[in-house]
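>>> What follows is a predicted structure for the sequence shown.
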Amino acid sequence: MEDKLLKVKIVRSSIENKEKRIDTFEVPAAKSMTVLSMLRYINEHIDPTLAFRDYRCGRGVCNTCRVRVNGKVRRTCETPIKPSEEILLEPAPGPIIKDLVIEFKGS
Amino acid sequence: MRNYEVLKTDVLVIGGGGAGARAAIEAENRGLSVCLASKGPLAHSGLTPLAYPSLQASFGTNDENDNEDIHFDDTVKIGRFLCDEDLARVLVGEIVERVYDLEKYGVKFKKLDDGRFFQVLHPGQTYPRNLFLNRGGFGLIYGLKRELTRHPLVRILEDFFVSRLLRNQDEVVGAFGLNLLDGRFYAIEAKAIILACGGYEEVWGLTDTGPDSTGDGVYLGYEAGADVIDMEMALYYPAAFAWPESVRGVLLQYETILAKNMLDFRLVNKKGKEFLPDGPLPVRDILMRLMFNEVEEGRGSKHNGVYIDPSLSSKSPEEIEEMVGSLLKVSDKNLKSMGIDMRNDRLEISPCVHYTLGGVHINTKTESTVPGLFAAGENASNIHGANRISGNALAETQVFGRRAGVYASAYAKNRKSGSFPTGDIEDELQRWNAFGAKKKAGIRPIVVRKEMKQVMDQHMGPNRNEKGMTKALHTIQDLKHNALPDVQVTKGGIFNTEWRTAMEVAMTLDLAELTIHSALFRKETRGHHFRPEFPETFDNPQHTLVRRKDQEIEISSKPVRKLT
């Protein structure tokens, strides 16, 4: 069966270029994908310049992978995606370094 | 014009996990300036935040007969007699004090009503010895991170990737690396350097570690000429999810889940049949072999693992609920959000690479064989031997992290700044810039990484034979000489992760090569190193030693240090 394509919008900017833009990526919506594994997919197959924090505990403790998923701050490692959804990703609150990467201050 | 920044410090600590943070605190306590360079943000990168649940120390809450001598005996025996006994002795003798330090830093442990430490028995321990950290390894590193704010002479560089140590003749005098936050290169001049970068698990494919565990400190030590030992010893954790994909590589705390006096869930093969022998839960090297054996003989699960079956437990649902609530709360919450219920679902698991026992050989002062270069934590070797008991990893970060701080400070105080090897810096800049040069047929670094991991899983897994390993060695050498030069990335810019990945791939290919050479050299079976062609275990255990001589790898053996 062909995988359905999922539309993922990601808000991008950086310290160098503060102007925000939204990129749309089409990702095959495989079963049991998380937002984190989807970000990895985009980075590996579509756009190597997409920046996000991939260093993580993978067990829902460390909060390293947090981003805003459809407006709500979520740990991407434990947020499953539903194949029919349209997804908007923005950086979690904090000083933005690049794309979904923020600086951690005392947390 | 110089195209890199220069920083100066007394002590440079590379690695921001439990060992590095503890070392930085200790050096600063001695009045020295410290630079702590971490590849990611503190408490949000490295291996320490992944550790679960805790460390072991012989407080003897449940049995007053426990003491450091028994902790020592357990460590040496379960380590299959490959650990340096002087290091193990230091570990067991100092960890109790280090736990009190952690409490002073505000790290919280689970306690009984009377104030004593809550302790549980993990496989290989004679008495219940594992403490229970609030929020596991993350709780530990978070406490150390907070403590670091009270040490103003520590300068923390986060998202900073060190790719080379700088030497003046034999002595290390600094380091060079890329700061992802500003996209600039830095040379750091230092009077003493501590390596605390963790292990090289990411040389393999199926691991429960993060993508940053690329053995940077082992590579840096080797490159600088330090003795590196026992690289073949990759430790398998028996239980990480093999399936579904969304949780693949997520660790399941088997010590709690399978223990008869805890959840008492059972390991079964694809026929639903239990295959563990009667008696206490086996330690890691034995358990992982029993599991792989099921797979090899055709009784494995669909994704080359086995199953944890909760339905065969002798415990009542109420008892299970209570234990999940008190011991596995975080894991349970995490799995629930992924649609997995550990109380009722059959869980498909496989052993995976969890810890690497090899690394930079140290003495009890954490000195490497290179003057001015120290190592601690998983980066160092060999405190555990050919297998490691649960609870000794976080313990080693605190004991040897502190020691590295003490002895590196003493070294730094007695040393004057020497001249700085600018030629090496130019070489290293060239190495970085080469990844950005236009290639005829450029490939992405992840393509090379994938091939490396595949061949390491296939031939350098738990079952190692001469033919397969030789094949793996050729593949790795081919990748190094023919694929790596074609790796092409866009260089420059802020937070350029692909540029960093390219350098990590170069480092890990060297580490993979060292690992295979070491595995071929050890013609015996010991702990996690299993060779069907050489099933015996020698009476006189030896470290496998690799050392860089000119540009070549020199392999030999080095006696294990015994206490008489």
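Perfect, I can see it now. Numbers count the residues shown, from 1 in each chain, chains lettered A, B, ... in the order given.
>>> Which strands and helices lie in contact with the helix or strand of chain A with the lowest mean pLDDT?
Here the helix or strand of chain A ranked lowest by mean pLDDT, DSSP states H and E is helix A:35-45, holding a mean of 91. When contacts are defined as 3 or more Cβ pairs under 8 Å, 6 or more residues apart in numbering or on different chains; DSSP states H and E, helix A:35-45 sits against strand A:5-12, strand A:21-28, strand A:87-91. Where C-beta positions appear, they are placed from N, C-alpha and C, glycine not excepted.
>>> Is the shortest one positioned near chain B?
It stands for strand A:87-91. No - using Cβ under 8 Å from any Cβ of the partner chain, we find that strand A:87-91 stays clear of chain B, coming within 12.0 Å at best.
>>> Could the C-alpha coordinates of that strand be exported in CSV?
Below are the C-alpha coordinates for strand A:87-91, written out as CSV (Å, rounded to 0.1, in the frame of the first residue of the first chain):
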residue,chain,number,x,y,z
ILE,A,87,1.0,19.7,11.3
LEU,A,88,2.5,23.0,12.2
LEU,A,89,5.8,23.1,14.0
GLU,A,90,7.2,26.1,15.7
PRO,A,91,10.1,26.5,18.2
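>>> Isn't B:Asn168 up against B:Phe420?
Yes - contact criterion Cβ atoms under 8 Å: B:Asn168 and B:Phe420 qualify, at 7.4 Å.
>>> ok, now how distant is B:Ser301 from chain A?
Per Cβ to the nearest Cβ, to the nearest Å, B:Ser301 is found 16 Å from chain A.
>>> per-residue confidence at the nearest residue to B:Arg500 once chain neighbours are set aside?
Setting aside the residues directly before and after it, B:Arg500 is nearest to B:Phe161 in space (Cβ to Cβ, 6 or more residues apart in numbering or on different chains), at 5.4 Å. In this model, B:Phe161 is scored at 98, pLDDT.
>>> how near is B:Met456 to B:Pro211?
15 Å (Cβ to Cβ, to the nearest Å).
>>> Show me which of those two is the more surrounded one.
More neighbours surround B:Met456 than the other of B:Met456 and B:Pro211, with 24 against 17 (other Cβ atoms under 10 Å in any protein chain shown).
>>> wait, is B:Asp424 part of a helix?
Yes - with DSSP: H, G, I helix; E, B strand; the rest coil as the criterion, B:Asp424 is part of a helix.
>>> what's the neighbour count on it?
Neighbours of B:Asp424 using other Cβ under 10 Å come to 18.
>>> from memory it sits against B:Leu166, does it?
Yes - counting by Cβ under 8 Å, B:Leu166 is a contact partner of B:Asp424 at 5.4 Å.
>>> tally of neighbours for B:Asn496?
21.
>>> low-confidence ranges in the chain?
Because you didn't say which chain, this covers chain A. Scanning chain A for pLDDT under 70 picks out the ranges A:1-3, A:31-32, A:55, A:106-107.
>>> that's the wrong chain, I wanted chain B
Low-confidence segments of chain B, defined by pLDDT under 70, are located at B:1, B:417.
>>> Could you find the residue nearest the spatial middle of it?
With distances taken as Cα atoms, centre = their mean, B:Gly199 lies nearest the centre of chain B, 3.3 Å away.
>>> buried stuff in the helix or strand harbouring B:Ile516?
In this assignment (DSSP states H and E), B:Ile516 forms part of helix B:497-521. Buried residues in helix B:497-521, counted by 16 or more other Cβ atoms under 10 Å in any protein chain shown: B:497-521.
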